[in-house]
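S.K.: Pasted the sequence and its predicted model underneath.
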Amino acid sequence: MKLTILGGGGFRVPLVYGALLADRAEGRVTAVTLYDTDADRLTAMARVLADQAEGVPDAPAVLATTELDEALRGADFIFSAIRVGGLEGRAADERVALGEGVLGQETVGAGGIAYGLRTVPVAVELARRIARLAPHAWVINFTNPAGLVTEAMSRHLGDRVIGICDSPVGLGRRIARTLGVDPERARIDYAGLNHLGWVRGLHVDGRDELPRLLADPRLLGSFEEGKLFGTDWLQSLGAIPNEYLHYYYFNREAVRAYQDAEQTRGAFLRDQQEGFYARMKDPAAPAFPAWDQTRAEREATYMSENREVAGVGERDESDLESGGYEQVALALMRAVARDERTSLILNVRNRSTLSVLDADAVIEVPCLVDANGARPVSVDPLPYHAVGLVTAVKAVERAVLDAAASGSRATAVQAFALHPLVDSVSVARRLVDGYTKVHPGLAYLNRP
């Protein structure tokens, strides 16, 4: 079975390859094609994977190429993990937004909109090329903003594109462990959009264990989200939010922490990864150990500003374990390729799952997965506080898609202005001006 990774020079590729190395089942991936526009990054990543595979019998063969058509032809699965504009683009997204006093995070608020406006046109062109050259391939989208990009690609690939994120899986795992429950036995009631969802229940043997957690302040405050949001707020909500909702519930504090930080997250990752890829140009440098050390530093500093706001301190050791989005991707591939029915939280088209959204809206909910793909399961209606955020952010996503299709500056302004974390049309206009100045890829926003 052939797997193609678009963005194959990206830093997180060894996580995926590590999951493939551990898969010994029949029908596993035997060939991996890495595609990237950056030949140097491709060469570096091929070195890391070769080092990683040393001593592993029958490791999947790796081919690196800068030719897109070659990468797509014959693929059974395609991972889309591109970063349009690179980490320099992410750092610029943060810088422009913070200059206007609003959040610049890459998937939330102004930064997420800017990233979406840069990425959607490229993702749409990829989807068209896949539909032509690999119409039977399943596309698994890692590219952020994951829900928005998945919806853009679904307009050309239908249900054959599925978005994944490890945040809901990690959240469910932490809740289960806190309750002393085996995460593999738990069924998570989760609903929302990507990076905008809530756990409303955790069911084991037909019993919902979440009320037990919410009723015990000591237990509730003992894990990551309890520390991040505070026990009183979680008890008030009656649910456990995805960690990214900290940007909404504590927005002023988060923006201030990002403004006061010595370096933004994007700038930190840019500098860190530039150092890693520079080291990889030395043939004597140990490839995989260097990558693994860099990865550990990256994970340890994840959402550090938010934890500082909450007074949480460093991340728990158990929260640094691997087994995130790459394991979700592997489980998804297994279910589809081998018709092994399973349940996963994924980004798929809504159909009639959430009544407040239309059928084509991509949502993040539990899905049943088999050889026919992923189908969302029925979930309870969202509470009104969640409905407000979900519908507002979906309206923003639709404006981004419309702006990307039409090139309309006014529609791009609307996307920023409608977001709950951008509090002024005037600010929205300045954001569009600021982003078009620093991102040549946004020059297409030149129509009324």
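M.R.: Cool, got the structure. Residues are numbered from 1 along each chain as shown.
S.K.: how about the strands in this protein?
M.R.: Along the chain, the segments classed as strands by DSSP state E run 2-6, 31-35, 61-65, 77-80, 138-141, 161-163, 187-193, 196-204, 207-208, 240-241, 342-349, 362-370, 373-376.
S.K.: Turn those strands into a markdown table, including mean pLDDT, mean neighbour count and distance to residue 43.
M.R.: All C-beta atoms are positioned from the backbone trio N, CA, C, and that covers glycine. Below are these laid out as a markdown table (pLDDT from 0 to 100; neighbours: other CB atoms under 10 Å; distance: least, CB to CB, whole Å):
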| stretch | mean pLDDT | mean neighbour count | distance to residue 43 |
| --- | --- | --- | --- |
| strand 2-6 | 98 | 26 | 15 |
| strand 31-35 | 98 | 22 | 10 |
| strand 61-65 | 97 | 17 | 7 |
| strand 77-80 | 98 | 24 | 19 |
| strand 138-141 | 98 | 26 | 25 |
| strand 161-163 | 98 | 28 | 29 |
| strand 187-193 | 97 | 23 | 37 |
| strand 196-204 | 97 | 21 | 37 |
| strand 207-208 | 96 | 12 | 51 |
| strand 240-241 | 98 | 26 | 41 |
| strand 342-349 | 97 | 22 | 32 |
| strand 362-370 | 98 | 22 | 35 |
| strand 373-376 | 98 | 20 | 35 |
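S.K.: and residue 447, which of the ones you listed is closest to it?
M.R.: Ranking those by distance to residue 447, with CB to CB as the measure, places strand 362-370 first at 25.8 Å.
S.K.: burial count for residue 280?
M.R.: The local packing count at residue 280 equals 20, with neighbours defined by other CB atoms under 10 Å.
S.K.: where in the stretch 301-448 of the chain is pLDDT low?
M.R.: Confidence mapping of the stretch 301-448 of the chain against pLDDT under 70 gives the ranges 302-323.
S.K.: one step back: distance to residue 273 for the strands of the chain - can I get that in TSV?
M.R.: Shown next, in TSV, are those (distance: least, CB to CB, whole Å):
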stretch	distance to residue 273
strand 2-6	17
strand 31-35	16
strand 61-65	18
strand 77-80	19
strand 138-141	21
strand 161-163	24
strand 187-193	28
strand 196-204	27
strand 207-208	42
strand 240-241	29
strand 342-349	26
strand 362-370	27
strand 373-376	31
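S.K.: Residue 238 reaches residue 208, doesn't it?
M.R.: No. Counting by CB atoms under 8 Å, residue 208 is not a contact partner of residue 238; they are 11.7 Å apart.
S.K.: For the residue of the chain most remote from its centre, what are phi and psi?
M.R.: Most distant residue from the mean C-alpha position of the chain: residue 284, 33.6 Å away (CA atoms, centre = their mean). Backbone dihedrals for residue 284, given as degrees, to the nearest 10, come out at phi -90, psi -10.
S.K.: how close does it get to residue 54?
M.R.: 16 Å (CB to CB, to the nearest Å).
S.K.: try residue 219
M.R.: Counting by CB to CB, the gap between residue 219 and residue 54 amounts to 44 Å.
S.K.: If you count surrounding residues, which of those two has more?
M.R.: Neighbour tally, residue 219 and residue 54, criterion other CB under 10 Å: the higher count belongs to residue 219, 16 against 10.
S.K.: Am I right that that one is in contact with residue 178?
M.R.: Yes. With contact defined as CB under 8 Å, residue 219 counts as touching residue 178 (6.2 Å).
S.K.: Not counting stretch 369-376 itself, show me its contacts.
M.R.: Identification of contacts with stretch 369-376 by CB atoms under 8 Å, 6 or more residues apart in numbering yields 138, 159-160, 162, 331-332, 335-344, 346, 348-351, 353, 363, 365-368.
S.K.: okay, and the common contacts of residue 219 and residue 178?
M.R.: Residues within reach of residue 219 and of residue 178 at once, by CB under 8 Å, 6+ apart, are residue 213.
S.K.: What residue spans form the domains of the chain?
M.R.: Here the domain assignment for the chain is 2-167, 168-249, 252-309, based on automatic domain parsing.
S.K.: which stretches of the stretch 51-200 of the chain have low pLDDT?
M.R.: The low-confidence ranges in the stretch 51-200 of the chain, as defined by pLDDT under 70, are absent entirely.
S.K.: Let me have the domains of the chain in TSV, adding distance to residue 376 as columns.
M.R.: Formatted as TSV, the entries for those read as follows, by distance: least, CB to CB, whole Å:
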stretch	distance to residue 376
domain 2-167	11
domain 168-249	9
domain 252-309	28
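S.K.: And the helices in the stretch 151-300 of the chain?
M.R.: Assigned helices in the stretch 151-300 of the chain, in chain order: 167-178, 210-214, 217-220, 224-229, 231-237, 246-249, 251-260, 265-279, 287-300 (criterion: DSSP state H, counting those that start in this stretch).
S.K.: can you redo these as a markdown table with distance to residue 201?
M.R.: Below are those laid out as a markdown table (distance: least, CB to CB, whole Å):
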| stretch | distance to residue 201 |
| --- | --- |
| helix 167-178 | 10 |
| helix 210-214 | 5 |
| helix 217-220 | 15 |
| helix 224-229 | 15 |
| helix 231-237 | 13 |
| helix 246-249 | 20 |
| helix 251-260 | 27 |
| helix 265-279 | 32 |
| helix 287-300 | 28 |
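S.K.: mean pLDDT lowest for which of those helices?
M.R.: Set side by side, the helices of the stretch 151-300 of the chain give their lowest mean pLDDT on helix 287-300, at a mean of 90.
S.K.: What helices and strands are in contact with that one?
M.R.: helix 13-22, helix 39-53, helix 265-279 (3 or more CB pairs under 8 Å, 6 or more residues apart in numbering; DSSP states H and E).
S.K.: Spatially nearest residue to residue 217, not counting backbone neighbours?
M.R.: residue 231 (4.7 Å; CB to CB, 6 or more residues apart in numbering).
S.K.: if I read this right, the one you found contacts residue 223, doesn't it?
M.R.: No. Under the criterion of CB under 8 Å, residue 231 makes no contact with residue 223, lying 10.8 Å away.
S.K.: Just want to know which of those two has more residues nearby.
M.R.: When residue 231 is set against residue 223 and neighbours are counted by other CB under 10 Å, the residue ahead is residue 223, at 20 against 17.
S.K.: quick one, what contacts the closest residue to residue 380 other than its chain neighbours?
M.R.: In this structure, residue 380 finds its nearest non-sequential neighbour in residue 200, 6.6 Å apart by CB to CB, 6+ apart. Residues near residue 200 by CB under 8 Å, 6+ apart: 189, 190, 191, 210, 238, 239, 380.
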